[in-house]
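Asks: give me a 3D structure for the following:
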Amino acid sequence: MDIKKIEHIPEIENLKIKGAEEIEDSKREEDAKKIEIVPNQGVVTILDILGWKGIWQRNKNALQDLDDLVNEIETFASSSSKLFRNFQKFGVEDNITKVMVISDTIVITTSAEENDSNNALDLHGLICKDAIPYSIMKGIPVRGATCYGEFATGKGINSFVGKAVDEAASWHETTDWIGVIMTPSAKYSYHTPTEDYWKETDPPFKNNLKFSTYGVNWINQEDLSLQEILKAFINLSPIIPDIVNKFENTIKFITPEKSATHKKNILPE
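Replies: Numbers count the residues shown, from 1 in each chain. Sure thing, here's the model as predicted:
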């Protein structure tokens, strides 16, 4: 039979049409699966839990404590963002701050144009000022870094990429203490410093890097005393040589006055 005649047999024509429809359906399904990337600009803070590896051996409630910490950050971030918005520090209507968690890493993002960078950095300082002591008392202290710049999120999923994400990720585990620092891009975008949220510091870096920046000014003697912090550190025992510097460096940062008092208390008469 002539091949051309075969191609025009109704059954074959129907198969061709059905096949084309299936291909179109497949393409639509693939398009639906594609992640919508949302470009953004603003502040990115990345926090990780110190000593998470093997934490189950000393803290059976670690997962619940982490969930409590994330809920605390989300609640505080939401109320703080509204406060900043009500004072017209941001032009964004709502949902300016988002919190995501992947394993023991917490990511906080706030959308902000360049002229709002200072306010957005102060907002993250305020959020971390609450999160750091909360994490210490929960027995899951955090360390991290805050950056300002471009980033993008995947709509509907916990996914994020961009220059600000890469920079924050490269700095958030470099310090040898409990606390949060500004990365270079954040420091250079911070034009009107206030010690209410950040204070100038020379952070202790694990690789002896020298970089003067800002650290979250998280201690509030009215809410949390030095003795309470030291007791929380004891609860994290055994305090082995590999981690004692983190505690000592944290104590030194709290304030020179408290560090001096601490040294005076531990020196023999």
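
Asks: does Tyr216 really touch Ile132, like I thought?
Replies: Residue 216: Val, not Tyr. Yes. Val216 lies in contact with Ile132 (CB atoms under 8 Å); the separation is 6.4 Å. For every residue, glycine as well, the C-beta is placed using N, CA and C.

Asks: so what sits against both of those two?
Replies: The contact sets of Val216 and Ile132 overlap at Gly179, Val180 (CB atoms under 8 Å, 6 or more residues apart in numbering).

Asks: and the spatially closest residue to Lys210 that is not a sequence neighbour, backbone torsions?
Replies: Excluding its sequence neighbours, the residue lying closest to Lys210 (CB to CB, 6 or more residues apart in numbering) is Asp202, at 7.3 Å. Dihedral pair for Asp202: phi -110, psi 90, per degrees, to the nearest 10.

Asks: what residues are bridge-paired with Val99?
Replies: Ile108 (DSSP bridges).

Asks: so what's it up against?
Replies: Residues near Val99 by CB under 8 Å, 6+ apart: Val70, Ile73, Glu74, Ala77, Ile106, Val107, Ile108.

Asks: filter those to the buried ones?
Replies: Neighbour counting by 16 or more other CB atoms under 10 Å classes Val70, Ile73, Glu74, Ala77, Ile106, Val107, Ile108 among those as buried.

Asks: next step: the residues you listed restricted to strands.
Replies: Counting by DSSP state E, the part of those found in strands is Ile106, Val107, Ile108.

Asks: hmm, the second one is touching Val70, no?
Replies: No. Val107 sits out of contact with Val70 when judged by CB under 8 Å, with a separation of 10.6 Å.

Asks: mind listing what's buried along the host helix or strand of Tyr148?
Replies: In the assignment (DSSP states H and E), Tyr148 maps to strand 142-154. The neighbour-count check on strand 142-154 (16+ other CB under 10 Å) flags Val142, Arg143, Gly144, Ala145, Thr146, Cys147, Tyr148, Gly149, Phe151, Ala152, Thr153 as buried.

Asks: could I get those residues in JSON lines, plus columns for pLDDT and distance to Pro39?
Replies: Shown next, in JSON lines, are these (pLDDT from 0 to 100; distance: CB to CB, whole Å):
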{"residue": "Val142", "pLDDT": "97", "distance to Pro39": "28"}
{"residue": "Arg143", "pLDDT": "97", "distance to Pro39": "29"}
{"residue": "Gly144", "pLDDT": "97", "distance to Pro39": "24"}
{"residue": "Ala145", "pLDDT": "98", "distance to Pro39": "22"}
{"residue": "Thr146", "pLDDT": "98", "distance to Pro39": "20"}
{"residue": "Cys147", "pLDDT": "97", "distance to Pro39": "16"}
{"residue": "Tyr148", "pLDDT": "97", "distance to Pro39": "15"}
{"residue": "Gly149", "pLDDT": "95", "distance to Pro39": "12"}
{"residue": "Phe151", "pLDDT": "92", "distance to Pro39": "8"}
{"residue": "Ala152", "pLDDT": "86", "distance to Pro39": "5"}
{"residue": "Thr153", "pLDDT": "78", "distance to Pro39": "9"}
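
Asks: quick check: of those residues, which lies closest to Glu248?
Replies: Arg143 (14.4 Å; CB to CB).

Asks: beta partners of that closest one?
Replies: Assessed by DSSP bridges, Arg143 has beta-bridge partners Asp48, Gly179.

Asks: show me the contacts for it.
Replies: So Arg143 contacts Leu47, Asp48, Leu50, His172, Glu173, Thr175, Trp177, Ile178, Gly179, Val180 (CB under 8 Å, 6+ apart).

Asks: tell me how many other residues surround the fifth one.
Replies: The burial count assigned to Glu173 is 15, neighbours taken as other CB atoms under 10 Å.
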